[in-house]
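Visitor: No letters, just coordinates:
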Ligand code: SAH
């Protein structure tokens, strides 16, 4: 007899700090028998999985190539069919540029039960850490999450008309190297060059860095900063409220207590 197929949980690992996991995500990781994790997932989060859990890194890190999506899908399916509790851990929120739709559809299509556990997305982590809101009454009525990455050599369509709207906070994910071009496009589409803008590297982590500049200058500053961690760019009036000094947690971070197995 075939064993009962296990379940796959597509879990948001948040922006890096383990204490920004949801309790549900923490429980999923602690109960995992197989863990597949992306490059953006912090080591301290992976370390919360049981010692006996099979841990597989699927993303690029330290020069190693990433696994193809098809390979990841097949691997999750195989592990679930062995009856294991599979956790697919993704940086931030799995539903924000996390391919959660594709993976869930593949698994459900093969009869595997899927549960999605949300996480703190990079823009939320950046806002909390540097003291600005993503929406702000009367000034920032909309939040637009878009990507600055390229497809076929051209900037992906970020919905420029909406992105140029003065009451929109734009959060640009991915495409660190295309930020300058994307911000230029925004000005060409009518966003004021003086709009406050921010680039946040490693949001949510103790080593986060903030760059603040008017929209017309931020691209050049990002290029000069030569970031090497993940960067989220935010544009909009609410960004004027950012506090330049990183404010960590109110209390110094405590290591998460491991529960008895
Ligand atoms: N699911 C993730 C996004 C994955 S796409 C989330 O919800 O946050 C990867 C992009 O997300 C990166 O290129 C970067 O733009 C952004 N990102 C992810 N983690 C980040 C972090 N800690 N700080 C800044 N940007 C981050």
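Guide: Looks like it came in fine. All values reported here derive from a predicted model rather than from experimental measurement.

Visitor: Could you use CA atoms for every contact and neighbour count after this?
Guide: Fine.

Visitor: Which secondary structure state is assigned to residue 200?
Guide: Going by DSSP: H, G, I helix; E, B strand; the rest coil, the secondary structure assigned to residue 200 is strand.

Visitor: dump the residue contacts of it.
Guide: With contact taken as Cα atoms under 8 Å, 6 or more residues apart in numbering, residue 200 is in contact with 126, 208, 209, 210, 211, 231, 232, 233.

Visitor: Identify the residues contacting the strand or helix carrying the fifth one?
Guide: In this case it means residue 211. Residue 211 belongs to strand 209-214 when elements are defined using DSSP states H and E. Defining contact as Cα under 8 Å, 6+ apart, one finds that strand 209-214 is touched by 130, 193-203, 218, 221-222, 244, 246.

Visitor: Show the average pLDDT along it.
Guide: Mean pLDDT, taken over the full extent of strand 209-214, equals 96.

Visitor: That one pairs with which strands?
Guide: Taking DSSP bridges as the criterion, strand 209-214 sits next to strand 196-201 (antiparallel) in its sheet.

Visitor: and residue 102, how many neighbours?
Guide: 11 (other Cα atoms under 10 Å).

Visitor: same deal with residue 52?
Guide: When counting by other Cα under 10 Å, one arrives at 9 neighbours for residue 52.

Visitor: what kind of secondary structure is it in?
Guide: What three-state DSSP gives for residue 52 is coil.

Visitor: returning to that earlier point: flag every buried residue along the next helix or strand after the strand holding residue 211.
Guide: Counting by DSSP H and E, the next helix or strand C-terminal to strand 209-214 is helix 215-225. Of the residues in helix 215-225, those buried by neighbour count under the rule 16 or more other Cα atoms under 10 Å are 215, 216, 217, 218, 219, 222.

Visitor: ok, residues contacting helix 215-225?
Guide: With contacts defined as Cα under 8 Å, 6+ apart, helix 215-225 is touched by 177, 179-181, 183-184, 187, 192-199, 211-213, 235.

Visitor: Now do that helix against strand 209-214: the angle between them, please.
Guide: Using axes from the mean of the first three to the mean of the last three Cα atoms, to 10 degrees, the interaxial angle of helix 215-225 with respect to strand 209-214 works out to 150 degrees.

Visitor: still on that earlier bit, now, of the contacts of helix 215-225, which are buried?
Guide: Neighbour counting with 16+ other Cα under 10 Å marks 177, 179-180, 183-184, 187, 192-193, 195-199, 211-213, 235 as buried within the contacts of helix 215-225.
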